[in-house]
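What shape does this take:
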Amino acid sequence: MPLRLRLVAVMLSLLAAALAITGTAGAHQLRSYLEERQSTELRQSYRPIAKAAHDAVVENRNTTIDAVVPENTYATRIILPATADRPVAEIRDLPVSPINEDSTDTTPTTNGPKPRFPNLTITSPRVIDHQPFVVQSAGGGSTRWMVVAGTTDDGGLYAVAVSLDRVDIIVTKVRWFSVLIALLALATCALLGWFAIRRAFRPLRQIEDTAKAIAAGDLSRRVPEAATKDEVSSLSHSLNVMLAQIEESFVVRAASEDRMRQFVADASHELRTPLATVRGYAELFRQGAVSEPEDVRSAMRRIEDEATRMGVLVEDLLTLTRLERRQPAPGEQPRNLGPVDLTVIGADATQDAQALDHDREIRLVGLDGPVQAAVVFGEEAGLRQVVTNLMANAIRYTPEQTPIEIAVGTRGWNAELQVRDHGDGVPPDQRRRIFERFYRADASRNSASGGSGLGLAIAAAIVQSHGGTVHVEETPGGGATFIVRIPQVSHSDRPGPVQTQAVQ
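Numbering: from 1, shown residues only. Alright, predicted model coming up:
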């Protein structure tokens with residue numbers, strides 16, 4: 001059964017129970033009130049009726065007693081005491097009816113219902129107290145009677161009974177009227193409750209429709225939020241927040257899958273050329289096309305170069321994978337941690353690059369003035385690899401004799417290292433992607449220029465593992481400036497002594 005029908009059924013059941021209890025209690029109160037009125041009326045009229053009945057019995061009058069009594073049907077029982085002339089008590093029952101407005105005697109029906117008078121004695125509490133009590137009809141009739149009993153002046157007993165048919169008829173009519181009103185109320189409440197519950201369930205139907213649309217693939221669907229501040233509105237808001245997070249997670253997952261597919265394609269592309277070269281020289285050697293010693297040495301050298309290149313590529317991939325595997329774990333730190341001065345690393349990188357490229361001017365400068373210590377807490381080998389990769393990128397993709405500067409210093413809570421070149425620079429639309437795997441900014445940056453295409457990606461992963469950031473900006477006057485920022489040792493919550501080396 002639908003929830004709406006169950007709610008309507010529960011509501012109607014509770015209402016029916018309430019109406020039944022109310023109707024029963026009302027009918028009981030009405031019966032008590034009417035019987036109390038009848039009791040008061042009987043107490044006010046039973047004495048003249050009893051006296052008239054007693055006199056009629058004693059004087060042998062007709063059974064019809066002319067008495068001005070309330071409009072009702074009365075019955076009497078007279079018990080005459082035993083005397084010398086009548087050694088046994090005599091019991092006579094007489095019906096009593098009121099006189100009509102035209103003063104014509106009303107003769108009661110002798111075949112009508114009669115009360116079942118109890119056995120009474122002069123010492124019975126009911127006789128002494130004159131308190132009304134109820135009896136049933138003689139012979140199993142349905143009419144109930146209210147009786148008052150007492151004693152006569154000659155020592156006899158009397159009992160006056162009044163029929164309660166009028167009370168029962170009124171209570172029965174009220175009960176049927178209450179049932180009719182209850183049925184009308186139930187029907188009205190069922191109709192109004194059905195429409196009210198349908199209106200209240202409208203947001204739930206909207207949630208159901210949204211869920212079906214999302215299951216069909218439309219992750220952008222949201223539940224309409226009502227202006228009311230009720231439980232359904234709160235549920236709709238919570239569902240929309242959850243759906244937004246789910247959609248975002250699917251977007252992130254799709255982007256990750258796209259990057260993985262691109263990575264596999266790029267790795268395959270990078271490995272295809274050296275593998276083809278190695279296979280080609282091997283085929284030439286096997287077919288005997290390379291027979292001269294000098295040609296053989298040249299072929300072997302080319303095979304060795306391509307194998308070395310593949311080894312570097314695979315090693316870079318493993319390094320990047322290890323870095324990315326360690327990076328997501330919160331609180332996980334690189335190995336061999338300690339205070340590291342970026343100024344020392346910059347000075348060493350400057351000297352190494354100058355030794356490899358004598359014709360290029362490579363300098364170590366300060367960020368804002370003279371060179372000063374910039375100490376971070378991290379892995380020295382990894383940070384040296386960052387600077388080495390950035391320097392290799394600057395040397396590889398800038399014209400010969402183009403100057404390069406390594407600037408080191410502190411800004412705020414961060415230690416900062418910059419590698420500035422004065423080449424062609426990086427277009428603004430490519431600066432975010434330049435740290436992706438195998439990404440090259442232009443056609444001139446291809447595998448023929450050397451490198452695996454993973455140097456900047458490895459550098460970015462190492463910096464991120466140290467809680468830092470790396471990005472590229474345009475060098476004033478032209479060129480690219482790669483900026484590395486890592487929290488200083490005094491702001492990285494890493495205890496330990498700090499030792500710096502002087503830079504000449």
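
For the rest of this, base every contact and every neighbour count on C-alpha atoms.
OK.

Regarding I122, what are the backbone dihedral angles?
phi -60, psi -30 (degrees, to the nearest 10).

and it, what is it in contact with?
Each residue near I122 by CA atoms under 8 Å, 6 or more residues apart in numbering is listed here: I128, G150, T151, L157.

between those residues, which is nearest L275?
Nearest to L275 out of these is I128 (CA to CA; 129.2 Å).

buried set for stretch 8-27?
Residues of stretch 8-27 classed as buried by neighbour count (16 or more other CA atoms under 10 Å): V8, M11, L12, L15, A16, L19, G23, G26, A27.

which residue sits closest to D359 in space, ignoring its chain neighbours?
If the residues on either side of it in the chain are set aside, D359 comes closest to Q401, at 5.6 Å by CA to CA, 6 or more residues apart in numbering.

Could I get the average pLDDT for the helix or strand where Y281 lies?
Assessed by DSSP states H and E, Y281 sits inside helix 231-287. In this model, helix 231-287 carries a mean pLDDT of 81.

and which of the buried residues of stretch 8-27 is nearest to F482?
Nearest to F482 among the buried residues of stretch 8-27 is V8, at 69.9 Å by CA to CA.

what residues are up against the closest one?
A190, G193, W194, I197.

Which members of those are classed as buried?
For these, buried by 16+ other CA under 10 Å: A190, G193, W194.

Tell me which of the residues you listed fall in helices.
Among these, DSSP state H puts A190, G193, W194 in helices.

if I look at the second one, how far off is G409?
Read it as G193. 74 Å (CA to CA, to the nearest Å).

Same check on the first one?
With the distance defined as CA to CA, A190 ends up 79 Å from G409.

How about L456?
Using CA to CA, one gets 22 Å for the distance from L456 to G409.

ok, and for stretch 137-155, which residues are buried?
The neighbour-count check on stretch 137-155 (16+ other CA under 10 Å) flags S137, T143, R144, W145, M146, V147, V148, A149, G150, T151, T152 as buried.

Strands - which of those residues land there?
Counted as lying in strands by DSSP state E, out of those, are R144, W145, M146, V147, V148, A149, G150, T151.

Not counting sequence-adjacent ones, nearest residue to the fourth one?
Same thing as V147. Looking at V147 with CA to CA, 6+ apart, the closest residue is A161, at 4.2 Å.

I'd like the average pLDDT over the helix or strand harbouring that neighbour.
Assigned by DSSP H and E, A161 belongs to strand 157-163. Strand 157-163 shows a mean pLDDT of 82.

Other residues contacting it?
Taking CA under 8 Å, 6+ apart as the rule, strand 157-163 contacts 42, 46, 49-50, 54, 72-81, 115, 117, 120-122, 143-152.

could you redo the last one with a cut-off of 7 Å?
46, 50, 73-80, 143-152 (CA atoms under 7 Å, 6 or more residues apart in numbering).

quick one: Q354 from D421, how far?
For Q354, the distance to D421 - CA to CA - is 14 Å.

So for those two, which sits in the more crowded spot?
D421 (28 against 15; other CA atoms under 10 Å).

Look up the closest residue to the more buried one, ignoring the ones flanking it.
D421's closest residue in space is I404 (CA to CA, 6+ apart), at 4.7 Å.

so T469 touches P487, yeah?
No: with contacts counted by CA atoms under 7 Å, T469 stays clear of P487, the gap being 9.6 Å.

more neighbours, these two?
P487 (24 against 17).

Identify the residue spatially nearest to the more buried one, adjacent ones excluded.
Nearest-residue entry for P487: N414, 4.2 Å, with adjacent residues in sequence omitted and distances by CA to CA, 6+ apart.

Regarding R297, what is its secondary structure?
helix (DSSP: H, G, I helix; E, B strand; the rest coil).
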